[in-house]
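**Q** Turn this into a model:
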Amino acid sequence: MKAVPELVQHIRDEMGKVVVGQDEIRDQCVIALLCRGHVLLEGVPGIAKTLIVKTLSRLMRLNFQRVQGTSDLMPADIVGTNILNMATSSFQLHQGPVFTDLLLVDEVNRMPPRTQAALLECMEEHQVTIDGRGYRLSPVFTVFATQNPVEFEGTYPLPEAQIDRFLLKLQVPYPGLQDEVRLLVNVQNGFESRELDKMDLKPIDAGLLEQAQQELKSVTVEEALFSYIVQIARRTREWPSLSLGASPRAAVSLMAVSKAVAAIDGRDYVIPDDVKASARPVLRHRIVMKPEADLEGITPDQVLEDVLRAVEVPK
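**A** Purely as a prediction, here's the structure:
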């Protein structure tokens, strides 16, 4: 393993110039790009969710677009539409913001179901269909969607089918005390999040992301770990406090993220600790709590902790 650790260390060093704290969230966003998966970021406003994605796009040499989710957003507003050119009497495609590399969808749960469904095709097929014709999206097209965990009025909860398309769900916390103090010091010294051009950020070498993605394919998974991953997924399907467990797609995602965690550590093989570290961000949005468990205040992360303790770790 060479390209993956090099890429991750570069991102850590350069993003540290802009984002204070949020180290775990930063690394998991990089993991999503390495695994070619999408990310659901959950957290209150003002904790650097947008800044992390914008900075990541600059460091990775990727194009960036942003969409603000609203209740009147139409599918054509994000995928694009054909517009009549009066001069030539022909229709021309006006590309929507999905024609990019990294797409940040702010408050995705404020978009109506029709618009959410249009985004689903982009996420799953890497293409959009406009007036019956399919258009390919960028090979590295990745959606980073955000939602506020405390606002529910005027929202449209994402259906399970769409939630399952997100590789990771990351719960973005408030920064720690020292990080928040450092943030104020940086702002006082002239830091401005809207002026990233002045931060002298050094992007990764061309081709390093693709090389790192290829390296993940060489990470080996022992046969005992196949069984371990599947047992974790299957145990959630019979867990008493859950009404819906993890799908087979979830098991595939858990293996992929575990391989990325191993590669970041410089290993070309997966160990059980990689699986354990990946379980919560990969599975927390793919399981559905029973109403009585919700009323008791049990969280998906607590259930996953119990599941991990219940499944025997291979020797």
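
**Q** buried ones in stretch 70-78?
**A** Buried residues in stretch 70-78, counting neighbours by 16 or more other Cβ atoms under 10 Å, are found at 73, 75, 77-78. (Each C-beta comes from the backbone N, C-alpha and C, glycine too.)

**Q** Equivalent analysis for stretch 51-64, please.
**A** Within stretch 51-64, the residues that count as buried by 16+ other Cβ under 10 Å are 51-60, 62, 64.

**Q** cool, and stretch 36-52?
**A** Per 16+ other Cβ under 10 Å, stretch 36-52 contains these buried residues: 37-43, 47-52.

**Q** Nearest to Asp274 among the residues you listed?
**A** Gly37 (16.1 Å; Cβ to Cβ).

**Q** So Asp77 versus Pro97, what's the distance?
**A** Plainly put, Asp77 is 8 Å away from Pro97 if you go by Cβ to Cβ, to the nearest Å.

**Q** Spit out the residues that contact the two alike.
**A** Common neighbours of Asp77 and Pro97 (criterion: Cβ atoms under 8 Å, 6 or more residues apart in numbering): Val67.

**Q** quick one on the thing from earlier: got the buried residues of stretch 51-64 as CSV, with secondary structure, distance to Ser138 and pLDDT columns?
**A** Shown next, in CSV, are those (DSSP: H, G, I helix; E, B strand; the rest coil; distance: Cβ to Cβ, whole Å; pLDDT from 0 to 100):
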residue, secondary structure, distance to Ser138, pLDDT
Leu51, helix, 22, 91
Ile52, helix, 20, 93
Val53, helix, 15, 93
Lys54, helix, 17, 93
Thr55, helix, 19, 94
Leu56, helix, 15, 94
Ser57, helix, 12, 94
Arg58, helix, 16, 93
Leu59, helix, 17, 94
Met60, coil, 12, 94
Leu62, coil, 8, 94
Phe64, strand, 11, 95
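
**Q** okay, now Gly266: neighbour count?
**A** Other residues near Gly266 number 11, with proximity taken as other Cβ atoms under 10 Å.

**Q** isn't it right next to Met1, touching?
**A** Yes: between Gly266 and Met1 there is a contact under Cβ atoms under 8 Å: 4.9 Å.

**Q** show me what contacts Asp23?
**A** Residues near Asp23 by Cβ under 8 Å, 6+ apart: Arg12.

**Q** For it, give me phi and psi.
**A** Torsion angles at Asp23 (phi, psi; degrees, to the nearest 10) stand at phi -60, psi -40.

**Q** In terms of secondary structure, what does the helix or strand in which Leu168 is found contact?
**A** Per DSSP states H and E, Leu168 falls inside strand 166-171. Counting contacts by 3 or more Cβ pairs under 8 Å, 6 or more residues apart in numbering; DSSP states H and E, strand 166-171 packs against helix 23-34, strand 38-42, helix 248-264, helix 272-283.

**Q** how does it look with 7 Å?
**A** helix 23-34, strand 38-42, helix 272-283 (3 or more Cβ pairs under 7 Å, 6 or more residues apart in numbering; DSSP states H and E).

**Q** can you give me the strands for the chain?
**A** Assigned strands in the chain, in chain order: 38-42, 64-68, 80-85, 90-95, 102-106, 127-130, 133-136, 142-147, 166-171, 242-244, 288-289 (criterion: DSSP state E).

**Q** quick one, which of those strands is nearest to Pro5?
**A** Of all those, it is strand 166-171 that lies closest to Pro5, at 20.0 Å by Cβ to Cβ.

**Q** Could you check the pLDDT of the residue nearest to the spatial centre of the chain?
**A** Geometric centre of the chain, nearest residue: Val39, 1.4 Å, by Cα atoms, centre = their mean. According to the prediction, Val39 has pLDDT 97.

**Q** That one reaches Met123, doesn't it?
**A** No: look at Val39 against Met123 with Cβ atoms under 7 Å: they stay out of range, at 10.8 Å.
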